[in-house]
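Asks: A predicted structure for the sequence below; I have some questions about it.
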Number of protein chains: 2
Amino acid sequence: MASAKKRIAVLSPVAWRTPPRQYGAWETVASNITEGLVARGWDVTLFASGDSVTSAQLHAVVDKGYNEDSTADPKVAEYLHISEAFERAAEFDLIHSHYDFMALTYTRLVSTPVLTTIHGFSSPKIMAVYQKYHDGYFVSISDSDRAPGLNYLGTVYNGIDLSLYPLQPTRGDDLIFLGRIHPDKGVHLAIEVAQQSGWPLLIAGIIQDKTYFRDQVEPHLDDRQIRYIGSVDVAGKNELFARARAVLHLNTIPERFGLVLAEANAAGVPVIAMDLGSCREVIEDGQTGFLVNNVSEAVQALPKLPEIDRAACREHVRQRFSIDTMVAAYERVYDKIFDQETKRRS
Amino acid sequence: MASAKKRIAVLSPVAWRTPPRQYGAWETVASNITEGLVARGWDVTLFASGDSVTSAQLHAVVDKGYNEDSTADPKVAEYLHISEAFERAAEFDLIHSHYDFMALTYTRLVSTPVLTTIHGFSSPKIMAVYQKYHDGYFVSISDSDRAPGLNYLGTVYNGIDLSLYPLQPTRGDDLIFLGRIHPDKGVHLAIEVAQQSGWPLLIAGIIQDKTYFRDQVEPHLDDRQIRYIGSVDVAGKNELFARARAVLHLNTIPERFGLVLAEANAAGVPVIAMDLGSCREVIEDGQTGFLVNNVSEAVQALPKLPEIDRAACREHVRQRFSIDTMVAAYERVYDKIFDQETKRRS
C-alpha cells in the first residue's frame, strides 16, 4: 500500500520511559501506536527517552524519563526533546505528537504536518495555547474529552496490547482499585463501597496526592479487608485481575479515557465505573460492567456481577480497544491529513 | 547609515514587565538595549509582556509578567511568548534573545540569525542546551561569566540609563546593601561589616530566600543601626544613594555583572565589592570603590572612602556602562553577524 512508505515520527513524552515501567499512560499509548504502526509496515521513528524499548527507530536526546532521573531538569529535558523532533521534521511525512501544548508551539516553524493526540487538558491555563493553534490537526481520545473550537479529525480510542492481559479463567473474590491515588480517581468511594458491602478491597497505584492518601485512604487500611499494595507493573496488574471480582473505578471528575477499564475487561474482569466522562464510551452498561452515579448504586451493582460474561468482556476490548483497531483508526486520520496537505499544496 | 534599516527583534523575558517596576535585571537590560537601539535609528520590535513600556513597536501575547499575574502559568507564558517571536522571524534581520536556553531550541527552525545575550547560567542542568547550540551567536555580560565552547562574539557590559541616577552632590552617612536578599549576595557579610565598624546599614531588596532572611538577616535588625526597608524602585534607589557613604556588595559567588555597582557609581557612590566574578570588571579598585576578599578587608576599606572622587565615579560609568556605550558595542556585534551571514549565504 502507498501509505506504507510514509515516514512517521512519534513524539512521546519523556516523563517516563516509553513504554513506562509502571505508571505513565501517555507513554503507554505512544508506545502502542508506535509498535502497531511498525507491525503494519510503516517507517516509524520514536522520539522518547534513551532507555525506551521499541521496534521502531529510537531517537533520544535525554537518557531517561525525568521522573526516573534525579539529575534531570524537566524543563530542560522537554525543551531539548521536543525541539529535536521538530529540527528533524523534514525527514518525516508526519509528526504524531503526544506532547501536549508545548509541542504545538513548534508546529508553525516546520512544513511537516503535525497531528496532536490530546491525552487530556491538565489545566484551564493551557487552553490559550490550544486556542492559538486551534487550526492544527487534533485527535481526541474520547468523544467526551473535547474542547470547543479545535480542528478535530476524529476520536481514536486508546488501544491496549491484549497479549499483556490474558483472560483470567475464573472470577476472584476481591474488589480492585487500580490507578493513581488521587481524589479525581475516587479511591475514597471505592473504600466506601467495600465498607458498605463488606467485600475485600485491594488498592494499587502510585500515591500522587500524599495528603489525600494520609487523610482519606490510610485511616481505612486494616491489613485485612482493605489493603494498599503500592504501585504495580503489568505482572502485578495480572495478579490483581486474577484475584478480582470487579474493578471499582468511581472517578469524581470526567474520565478522559480510562485505560485501566479496557485492561480489566481484557482480562475478563467487569468494571463498576462512575458514569462521568468517557466511561460510557469504554464500558457497555450491563455487558462489560456497570455504570453508576454514586456509591449506593455501586453497592447495588455488586450482586449483578455474575451476570457479566467474562469472555464477552475480552471480545469487546478486542474489537474496540485493541492496538490494531487503534492503529487502523489512526491510519484513517493520517490519510485525511495527507489528503488535506496535498490539496493545500496543489 | 546602512545598518539603520535593519529590523531587530528584541526578545525580553516575561517574568516581569519590560522595564520592570522594581526587580528584574534581565528585563532592565533588554529595555535599555531596545530604547538605545531606537534612539540610534534602528527599527526595533520588542517582544515582552503586554504592559511593557517602550518607544519600539511592542508585540505581546501575554498580558503581564507571570510573576505579577496570579492567574498566569509561567510555562504556558514562556512557550507562547518565545514561539511567537520565532514565528515572526522572517520579519526581522536579527533576533536578539534575552530568553536563556529555552529560546535556543527554536533557533534552528528559522533562517533569521539569533544573538543570545547570556545573562547568567542558572544551573549546571541547562548546560546541555548551550552545548547543543554552542555554534549559535553569543554575547557574555562580563569576561568572567563565560562557559567554555560557546561561540562568543564578545563581551558587552550592561549599560544603565544615567539620567535615572543623578550624581548625588554630597556624601551620606549610611552603608547601603541593595540587591536580592539571598546568600549569594552576602547580606550577612554586609551586616558583619556594619557590626564591626559601628556604621549604620540600610538593607533594601526583594526577599528571595525567606529562610536566609529569617535566620541570618532579621535577627540583626534593630530599627536603628541596621535596618531593612523592603524593595525599592528607582526613586527609592536614589534616596538610598543620597544617604550613602558606600554600597556594600560582598557577593559570595562570582558576580555575573552587577548592575547595582554601576548604578551606585553613576550616583557618585563608591562601592566596596567582593573580588569575585565580574566585580573587578565594573569597579576600578581605588578609583570607583574597593575590591576586597573578606569582611575584614571591607572594614579596612571604610576609612579610605573619602579618597574616592565621586564625579570620577560617574564619569567612569558614563564611559563604560552607559546605554550608548552598550548599544554601540551591540551594533558592532550585529555587524559581525550580518557579515558572517552574508558570507555564509554567498
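Replies: Now that the structure is in, tell me what you want to look at.
Asks: And the strands in chain A, which stretches?
Replies: A:7-11, A:43-47, A:57-59, A:94-97, A:114-118, A:137-140, A:152-155, A:174-178, A:201-204, A:226-228, A:244-249, A:271-274, A:289-292 (DSSP state E).
Asks: TSV please, covering the ones you listed and showing distance to chain B, mean pLDDT and mean neighbour count.
Replies: Where you see a C-beta, it was placed from the backbone N, CA and C, and this is true even at glycine. Shown next, in TSV, are the strands of chain A (distance: least, CB to the nearest CB, whole Å; pLDDT from 0 to 100; neighbours: other CB atoms under 10 Å in any protein chain shown):
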stretch	distance to chain B	mean pLDDT	mean neighbour count
strand A:7-11	14	98	23
strand A:43-47	14	98	24
strand A:57-59	14	98	16
strand A:94-97	13	98	26
strand A:114-118	13	98	23
strand A:137-140	17	98	22
strand A:152-155	21	98	16
strand A:174-178	30	98	25
strand A:201-204	31	98	22
strand A:226-228	32	98	18
strand A:244-249	29	98	26
strand A:271-274	29	98	28
strand A:289-292	34	98	24
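Asks: Same list (those strands) but as a markdown table, adding distance to B:K125.
Replies: Shown next, in a markdown table, are those (distance: least, CB to CB, whole Å):
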| stretch | distance to B:K125 |
| --- | --- |
| strand A:7-11 | 22 |
| strand A:43-47 | 20 |
| strand A:57-59 | 21 |
| strand A:94-97 | 24 |
| strand A:114-118 | 27 |
| strand A:137-140 | 32 |
| strand A:152-155 | 37 |
| strand A:174-178 | 34 |
| strand A:201-204 | 33 |
| strand A:226-228 | 34 |
| strand A:244-249 | 38 |
| strand A:271-274 | 41 |
| strand A:289-292 | 45 |
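Asks: Would you enumerate the residues in contact with the residue of the stretch 151-300 of chain A found nearest chain B?
Replies: Distances between the stretch 151-300 of chain A and chain B by CB to the nearest CB are smallest at A:N151, namely 18.0 Å. Contact analysis of A:N151 by CB atoms under 8 Å, 6 or more residues apart in numbering or on different chains lists A:134-138.
Asks: Retrieve the pLDDT associated with the residue lying closest to A:P74 once chain neighbours are set aside.
Replies: Closest residue to A:P74 apart from its sequence neighbours, by CB to CB, 6 or more residues apart in numbering or on different chains: A:Y66 at 4.4 Å. Looking at A:Y66, its pLDDT is 97.
Asks: and A:Y66, how many neighbours?
Replies: Residues contacting A:Y66 under the criterion other CB atoms under 10 Å in any protein chain shown number 22.
Asks: Same question for A:S197.
Replies: 16.
Asks: And for the one 3 residues further on?
Replies: Other residues within reach of A:P200 by the criterion other CB under 10 Å amount to 17.
Asks: That one against A:D173, yeah?
Replies: Yes. Between A:P200 and A:D173 there is a contact under CB atoms under 8 Å: 6.4 Å.
Asks: Now do the same contact list for A:L250.
Replies: Neighbouring residues of A:L250 by CB under 8 Å, 6+ apart: A:186, A:189-190, A:193, A:272-274, A:292, A:295, A:298.
Asks: Pick out the most distant pair among the residues you listed.
Replies: The largest separation in the contacts of A:L250, counting by CB to CB, is between A:A273 and A:V295 at 12.9 Å.
Asks: returning to what we had before: quick one: which of the contacts of A:N151 is nearest A:G24?
Replies: A:F138 (21.7 Å).
Asks: my guess is that closest one meets A:T155, correct?
Replies: No. Assessed by CB under 8 Å, A:F138 is found out of contact with A:T155, at 10.2 Å.
Asks: now A:R171, nearest residue through space, not along the chain?
Replies: Of all residues not flanking A:R171 in the chain, A:R245 sits nearest, at 5.9 Å (CB to CB, 6+ apart).
Asks: residues of stretch A:306-315 that come out buried?
Replies: Residues A:308, A:310, A:313-315 are the ones in stretch A:306-315 that count as buried (16 or more other CB atoms under 10 Å in any protein chain shown).
Asks: Also stretch A:254-266?
Replies: A:255-266.
Asks: residue with max distance from the center of chain A?
Replies: Among the C-alpha atoms of chain A, the one farthest from their average position, using CA atoms, centre = their mean, is that of A:S346, at 37.3 Å.
Asks: Provide a list of residues in contact with A:S83.
Replies: Shown in contact with A:S83 (CB under 8 Å, 6+ apart): A:106, B:105-106, B:108-109.
Asks: Can you show me the helices along the stretch 1-150 of chain A?
Replies: A:25-39, A:74-87, A:100-104, A:127-132 (DSSP state H, counting those that start in this stretch).
Asks: Which stretch among the ones you listed approaches A:F213 most closely?
Replies: For A:F213, the closest of the helices of the stretch 1-150 of chain A is helix A:25-39, at 19.6 Å, according to CB to CB.
Asks: quick one: that closest one to strand A:114-118, angle?
Replies: 130 degrees (axes from the mean of the first three to the mean of the last three CA atoms, to 10 degrees).
Asks: What residues sit buried inside helix A:25-39?
Replies: A:25-38.
Asks: Looking at these, which gets the smallest pLDDT?
Replies: Within the buried residues of helix A:25-39, A:A25 has the lowest pLDDT, namely 88.
Asks: list the contacts for that one?
Replies: Applying CB under 8 Å, 6+ apart, we find A:A25 in contact with A:119, A:259.
Asks: Same question for A:R227.
Replies: Contacts for A:R227 were tallied using CB under 8 Å, 6+ apart; they are A:200-203, A:221.
Asks: and of these, the nearest to B:T71?
Replies: Distance to B:T71, by CB to CB, is smallest for A:I203 among the contacts of A:R227, at 35.7 Å.
Asks: Would you mind measuring from the closest one to B:G198?
Replies: Using CB to CB, to the nearest Å, one obtains 65 Å as the distance from A:I203 to B:G198.
Asks: do the same with A:R214
Replies: 52 Å.
Asks: what does A:L259 give?
Replies: A:L259 sits 70 Å away from B:G198, going by CB to CB.
Asks: can you check A:S49 too?
Replies: Distance, A:S49 to B:G198, by CB to CB: 59 Å.
Asks: Check A:F92 too.
Replies: Taking CB to CB, one finds A:F92 at 71 Å from B:G198.
Asks: how about stretch A:301-316 as CSV, C-alpha atoms only?
Replies: The C-alpha trace of stretch A:301-316 is given here as CSV (Å, rounded to 0.1, in the frame of the first residue of the first chain):
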residue,chain,number,x,y,z
ALA,A,301,-24.4,-3.4,41.3
LEU,A,302,-22.2,-5.9,43.2
PRO,A,303,-24.8,-8.8,43.2
LYS,A,304,-25.3,-8.4,39.5
LEU,A,305,-21.6,-9.1,38.7
PRO,A,306,-22.1,-12.8,38.0
GLU,A,307,-24.4,-11.8,35.0
ILE,A,308,-21.4,-10.4,33.2
ASP,A,309,-19.9,-12.7,30.5
ARG,A,310,-16.1,-12.6,31.1
ALA,A,311,-15.2,-13.8,27.6
ALA,A,312,-17.6,-11.2,26.1
CYS,A,313,-15.7,-8.5,28.0
ARG,A,314,-12.5,-9.6,26.4
GLU,A,315,-14.1,-9.8,22.9
HIS,A,316,-15.5,-6.3,23.4
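Asks: chain center to that stretch, what's the gap?
Replies: Relative to the mean C-alpha coordinate of its chain, stretch A:301-316 is positioned 23 Å out (CA atoms, centre = their mean, to the nearest Å).
Asks: Show me the shaky parts of the stretch 1-150 of chain A.
Replies: A:1-4 (pLDDT under 70).
Asks: what residues does it put near chain B?
Replies: With CB under 8 Å from any CB of the partner chain as the criterion, the stretch 1-150 of chain A comes near chain B at residues A:61, A:71-73, A:75-76, A:79-80, A:82-83, A:86-87, A:101-102, A:105-106, A:108-110, A:123, A:125-126, A:128-129, A:132.
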